[in-house]
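**Student:** The sequence and its predicted three-dimensional model are supplied below.
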Amino acid sequence: QVHPVESGGGLVQAGGSLRLSCAASGNMFNINNIGWHRQAPGKQRELVAAISSGGSTNYADSVKGRFTISRDNAKNTVYLQMNSLKPEDTAVYYCRWTRRVVTLTGPKDSDYWGQGTQVTVSS
């Protein structure tokens with residue numbers, strides 16, 4: 001099991017910045033991908049940014065150039081630096097840690113989610 005815990009959310013004015021943290025405890029064996037997702041009221045949860053075990057990153061088009069994902073392996077912590085925030089960034093932000101295990105039938109992924117942290121951007 002992996003137990004992620006998010007922190008750093010809050011209320012910020014448009015144009016401001018926040019840094020989210022996600023610290024995980026438990027078995028870190030074979031964690032190959034970590035992502036930040038968000039869910040706004042009435043909308044589906046969407047991927048915001050992800051980082052692989054090798055450090056490769058990918059971002060949703062809506063946040064490219066504004067958000068940066070990073071990880072500190074020694075602390076088992078992933079960060080999401082959010083700059084130039086917009087009201088449409090308002091959502092609950094969740095971090096997701098994925099363990100990949102190679103089985104005889106192919107790779108098997110297990111996802112572990114945090115409880116989420118609210119980000120509200122006022123106009």
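**Tutor:** It's in. Numbering: from 1, shown residues only.

**Student:** What score does G114 have for pLDDT?
**Tutor:** pLDDT for G114: 97.

**Student:** I'd say it and C95 touch.
**Tutor:** Yes - counting by Cβ atoms under 8 Å, a contact exists between G114 and C95, whose distance comes to 4.8 Å. Using the backbone N, CA and C atoms, a C-beta is placed for each residue, glycine as well.

**Student:** Now do the same for D61: helix, strand or coil?
**Tutor:** coil (DSSP: H, G, I helix; E, B strand; the rest coil).

**Student:** neighbours around it, how many?
**Tutor:** Under the neighbour criterion other Cβ atoms under 10 Å, D61 is assigned a count of 6.

**Student:** Read off the pLDDT value for it.
**Tutor:** At D61, the model reports a pLDDT of 98.

**Student:** Can you pull the phi/psi pair for it?
**Tutor:** Dihedral pair for D61: phi -60, psi -30, per degrees, to the nearest 10.

**Student:** Report the separation between it and L18.
**Tutor:** Note on D61: its distance to L18, by Cβ to Cβ, to the nearest Å, is 20 Å.

**Student:** still on that earlier bit, could you name every residue contacting both of G114 and C95?
**Tutor:** Shared contacts of G114 and C95, defined by Cβ atoms under 8 Å, 6 or more residues apart in numbering, are found at 4, 6, 22.

**Student:** In terms of distance to Q44, which of those residues ranks first?
**Tutor:** Q44 lies nearest to E6 out of the shared contacts of G114 and C95, by Cβ to Cβ, at 19.0 Å.

**Student:** give me the element the closest one is part of.
**Tutor:** strand 2-7 (DSSP states H and E).

**Student:** quick one, helices of the protein?
**Tutor:** For the chain, none of the segments meets the definition of helices by DSSP state H.

**Student:** what ranges of it fall below the confidence cut-off?
**Tutor:** Counting by pLDDT under 70, the chain contains no low-confidence residues.

**Student:** That one: strands as residue ranges?
**Tutor:** Ranges of strands within the chain are 2-7, 10-13, 18-26, 31-39, 46-52, 57-59, 67-72, 77-82, 91-103, 106-113, 117-122, based on DSSP state E.
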